[in-house]
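J.: Sequence plus predicted model, see below.
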Amino acid sequence: MDKYILSLNPAQKEAVTTTEGPLLVLAGAGSGKTRVITARSAYLIYKGVPSASIVAVTFTNRAAREMRERITALLRKSRSNPPTVSTFHSLCLQILRKEMKHIGLRKNFTIYSASEQAALLKNLLLDISVYNKQFKPEVILERIGRLKNSFTSPEDMDSTEDDPLSIIVARAYPEYQKTLRTMNAVDFDDLLLLVIELFRKVPGILDEYRERFRYIMVDEYQDTNRVQYTLLKLLAGKRKNLCVVGDDDQSVYSWRGANLGNILDFEDDFKGTKVIRLEQNYRSMGNILEAANSLITKNSRRMEKSLWTSEGAGPTIKIMKALDGEGEAVFVVSKILHLINSKKLSCEDFAIIYRANVFSRLFEVELRRKKIPYTVIGGTSYFDRKEVKDLAAYMKIILNRYDDVNLLRIANLPRRGIGITSIGKLHDHAGNKNIPLIDAFSNASGMEGINEKTASKADALANMLKRYRSAFLKGKGMAKLLSGLIEEIGFHEHIRNFYKTDDVAVKRIDNVNAFVESLKYYEENEKSPSLQGFIETLALDDKPEKEQEKSGVTLVSLHSSKGLEFPVVFIVGVEEDMIPHSKSLDDEGGLEEERRLMYVGITRAMRELFLTYTACRIKYGTKTVSSPSQFIAEMPDEIIEHIETECADEEASAEEIDIKEEYEKVMAILNS
DNA sequence: TCTAGCGGTCGAACA
DNA sequence: GACCGCTAGA
Ligand SMILES: Nc1ncnc2c1ncn2[C@@H]1O[C@H](COP(=O)(O)OP(=O)(O)OP(=O)(O)O)[C@@H](O)[C@H]1O
């Protein structure tokens, strides 16, 4: 520990040893902000503060996991437990699970993912007959989310707006909240909002948590929203031992309500705040830093900060134009191979960073072709696969019998003779009688418009789910149970029917098996495993350590790359309409946020940075001409170098023919 | 009630 | 290109 403290610079040291009162660490990329939080946590414990009194909040579960590991390593000698390190959402979920009775949530409530939210909203719009194809559920959800995150309850909604979308939102929002509660479900926003509601309603509980979390630290503070801010303010209470670190230039989540005001006004909101600036960058070589600095100064709305490095200039920044998306992938991967061989770098030293997750595919194909291992962060994981989501839906309705959305999903999957019309009738019946859908299934016999055969099928389904419910809730041998369920519903046959070709079906079945495996893994590695716990893991994307193998080249979106670092970084698809994204430009301040995103990407690089773009790209199935991003021109000419690609890799042209073939093969694997 | 096939659409990022 | 919703026909 002492040694670690010594390795900090004076400004960092001051931040670490200022343990009481509000503290704002404001600093640019790579200046050691995260390290301050890690060191400060360890320092507090070292000074005798119980670990249980400390909470550090990070933005992603991945970041939380890494920080926990680092702190644990620092504490090795003292044999203390690590403090709570968690995201806002996980932290709030933990609180809600314990205190749910105070705010009317029932046991085993479900967290709805984006697609479940959309399914719920769509059903409900149809029910109250305001469904309008023009306004997609996602658009309405975004508006609802914005209302929720500005603490606008359905009651105090401004009803003076009369454009069609606002009218629909006004009708949908109250229903949406009501339906979530009847289904004993919450969305991501609710996790935080309900905790705030709880704290306001039951001050005793708030006091309890204030006593418990005496020291609060927040990483990536620039990306917190009003709700998160409110939560922090409540928790910090009079003690105000709140330490936040952030960089206004790295605020890239305005679409989730991130509010720069939180960081800009921190000093006003917390009187007596100590502000510490860190100015030395320990991550990047000079040229990289210069490119980042000169880009970001094009933004008008920012806090002045300086950032320097004691490192040399290092290599120039390489800009590369490829013919098309595939050419870009071929170039990047051959460059990686080349650097691995010539500079003794390992795969883990490389990252390929893109604006949109779809980009990962092209690179995955090429990496596989060259047999280079890689890890994709974010995007659609195999937990998002249809067959996995179907099984998860079974588990969710088993866990929470009010979860109509997931019951609807699996009611006739695999086909069991309960068709759309019957489901519609059952749904209406449940709605009229105010009972959960599953009860309508059990009482289907004799219901108008439902024939006996269907009724008995519905009843059988309800019974089966009930049977599994009592078995699963024991929390033991769940993987076996799931296998049994898969068998009983004939899921494998269903998949074989559904996907005509053997190849694809086999892959899908592999996914199913992998899902069973991950449940098994969870059971074996969790102190007190439960169905609920496993499902939460899925919802919060909080996978256990070992399952998250982090080896090989990293593929990651610009957003998720925040906080990471790599010796060599490729930012790909650096094109107009991509970065800046065409859809971002309508928003107020959209261009500046895109520039910050680019800034985040650039500053991930330690030694070498490549930016690539294409001459044309396939968009929505048609070839479109692309042009380099305006951000490229915003970097000083002296430090950039344009390099040629055509024939950069001699093999490439010779292998051209193979590529097509292998491409198809690999795509088939990836798609399954 | 289910399936195949067609046509329209396309707003990315995350817990 | 991929996904969704609709329609025709079994
Ligand atoms: N005092 C120091 N001496 C040497 N290296 C340091 C020091 N502080 C931090 N570093 C190193 O600098 C790099 C960046 O640190 P860190 O991730 O904490 O920065 P950050 O400000 O959180 O960056 P970002 O905002 O870009 O996420 C890390 O590799 C870290 O180990």
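T.: Thanks, I have it.

J.: Only C-alpha atoms from now on, for both contacts and neighbour counts.
T.: OK.

J.: secondary structure class for A:V57?
T.: With DSSP: H, G, I helix; E, B strand; the rest coil as the basis, A:V57 sits in strand.

J.: can the lengthiest strand in chain A be found next to the ligand?
T.: The residue-count maximum for a strand in chain A (DSSP state E) belongs to strand A:605-614. No - Strand A:605-614 stays clear of the ligand (C-alpha under 6 Å from any ligand atom), getting no nearer than 8.7 Å.

J.: So what touches that strand?
T.: When contacts are defined by C-alpha atoms under 8 Å, 6 or more residues apart in numbering, strand A:605-614 is touched by residues A:283-285, A:288, A:314-325, A:328, A:565-575, A:602, A:626-628.

J.: Check stretch A:17-28 too.
T.: Outside of stretch A:17-28, the residues within contact range by C-alpha under 8 Å, 6+ apart are A:15, A:33, A:40, A:43-44, A:239-247, A:249, A:266-267, A:270-279, A:281, A:305-307.

J.: Show me which residues of that stretch are buried.
T.: For stretch A:17-28, a neighbour-count test (16 or more other C-alpha atoms under 10 Å) marks A:T18, A:T19, A:G21, A:P22, A:L23, A:L24, A:V25, A:L26, A:A27, A:G28 as buried.

J.: ok, those vs DNA strand B, which is closest?
T.: Nearest to DNA strand B among the buried residues of stretch A:17-28: A:G28, at 20.6 Å, using C-alpha to the nearest atom of the strand.

J.: How about the residues of the stretch 51-200 of chain A by DNA strand B?
T.: Taking C-alpha under 7 Å from any atom of the strand as the contact definition, the stretch 51-200 of chain A meets DNA strand B at A:F59, A:T60, A:N61, A:T87, A:F88, A:H89, A:S90, A:S113, A:A114, A:V139, A:F188, A:D189.

J.: Mind checking which of the contacts of strand A:605-614 are in helices?
T.: Mapping these onto helices (DSSP state H) picks out A:I288, A:G325, A:E328, A:I602.

J.: Columns distance to the ligand on top of those residues, output as CSV?
T.: Shown next, in CSV, are the ones in helices among the contacts of strand A:605-614 (distance: C-alpha to the nearest ligand atom, whole Å):
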residue, distance to the ligand
A:I288, 13
A:G325, 28
A:E328, 26
A:I602, 10
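
J.: filter these to the buried ones?
T.: For the ones in helices among the contacts of strand A:605-614, buried by 16+ other C-alpha under 10 Å: A:I288, A:G325, A:E328, A:I602.

J.: What is the lowest-pLDDT residue among these?
T.: Least confident entry in those, by pLDDT: A:G325, with 92.

J.: ok, A:I377 to the ligand distance?
T.: Using C-alpha to the nearest ligand atom, to the nearest Å, one gets 16 Å for the distance from A:I377 to the ligand.

J.: Give me the distance between the closest residue to that residue other than its chain neighbours and A:P636.
T.: Spatial nearest neighbour of A:I377, excluding adjacent residues (C-alpha to C-alpha, 6 or more residues apart in numbering): A:V556 at 5.1 Å. For A:V556, the distance to A:P636 equals 26 Å [C-alpha to C-alpha, to the nearest Å].

J.: Near the ligand, which residues of the stretch 501-650 of chain A are found?
T.: With C-alpha under 6 Å from any ligand atom as the criterion, the stretch 501-650 of chain A meets the ligand at residues A:K562, A:G563.

J.: can you pull out the helices in the stretch 501-650 of chain A?
T.: All helices of the stretch 501-650 of chain A, identified by DSSP state H, counting those that start in this stretch, fall at A:502-525, A:531-539, A:590-602, A:630-633, A:650-671.

J.: chain center to the helix or strand hosting A:Y209, what's the gap?
T.: Here A:Y209 sits within helix A:203-212, counting by DSSP states H and E. On the basis of C-alpha atoms, centre = their mean, to the nearest Å, helix A:203-212 sits 29 Å off its chain's mean C-alpha point.

J.: So which of A:V556 and A:P636 has more stuff around it?
T.: A:V556 (24 against 14; other C-alpha atoms under 10 Å).

J.: contacting residues for the more buried one?
T.: In this structure, A:V556 makes contact with A:A351, A:I352, A:I353, A:Y354, A:N357, A:S360, A:V376, A:I377, A:G378, judged by C-alpha under 8 Å, 6+ apart.

J.: now swap in A:E161 and tell me
T.: A:I167 are the contacts of A:E161 under C-alpha under 8 Å, 6+ apart.

J.: mind checking the SS state of it?
T.: A:E161 carries the three-state label coil when classified by three-state DSSP.

J.: Got phi/psi on it?
T.: phi -70, psi 140 (degrees, to the nearest 10).

J.: Could you check how far it is from A:R361?
T.: Applying C-alpha to C-alpha, the value for A:E161 to A:R361 is 43 Å.

J.: repeat for A:I317
T.: For A:I317, the distance to A:R361 (C-alpha to C-alpha) stands at 25 Å.

J.: quick one, which of these two is more surrounded?
T.: More neighbours surround A:I317 than the other of A:I317 and A:R361, with 23 against 17 (other C-alpha under 10 Å).

J.: Bridged to that one, which residues?
T.: A:I640 (DSSP bridges).

J.: Could you check the pLDDT of it?
T.: Listed pLDDT for A:I317 reads 97.

J.: hang on, isn't A:K148 packed against A:L191?
T.: No - judged on C-alpha atoms under 8 Å, A:K148 makes no contact with A:L191 at a distance of 11.5 Å.

J.: okay, the two: which has more neighbours?
T.: A:L191 (20 against 17).

J.: With adjacent residues omitted, what lies nearest to the residue of chain A most remote from its centre?
T.: Most distant from the centre of chain A: A:G446, at 46.1 Å, with distances by C-alpha atoms, centre = their mean. Of all residues not flanking A:G446 in the chain, A:E452 sits nearest, at 7.2 Å (C-alpha to C-alpha, 6+ apart).

J.: still on that earlier bit, go through the ones in helices among the contacts of strand A:605-614 and name the one nearest A:M464.
T.: Nearest to A:M464 among the ones in helices among the contacts of strand A:605-614: A:G325, at 49.2 Å, using C-alpha to C-alpha.

J.: What distance do you get for that closest one to A:S7?
T.: According to C-alpha to C-alpha, A:G325 stands 44 Å off from A:S7.

J.: List phi and psi for the residue lying closest to A:E211 once chain neighbours are set aside.
T.: The shortest distance from A:E211 to any non-neighbouring residue, by C-alpha to C-alpha, 6+ apart, is to A:S53 (7.8 Å). With angles defined as degrees, to the nearest 10, A:S53 sits at phi -90, psi 0.

J.: got the residues of chain A near DNA strand B?
T.: Proximity of chain A to DNA strand B (C-alpha under 7 Å from any atom of the strand) is limited to residues A:59-61, A:87-90, A:113-114, A:139, A:188-189, A:253, A:255-256, A:355-358, A:378-379, A:412, A:415-422, A:540-541, A:557, A:559-560, A:581, A:583-584, A:620-621.
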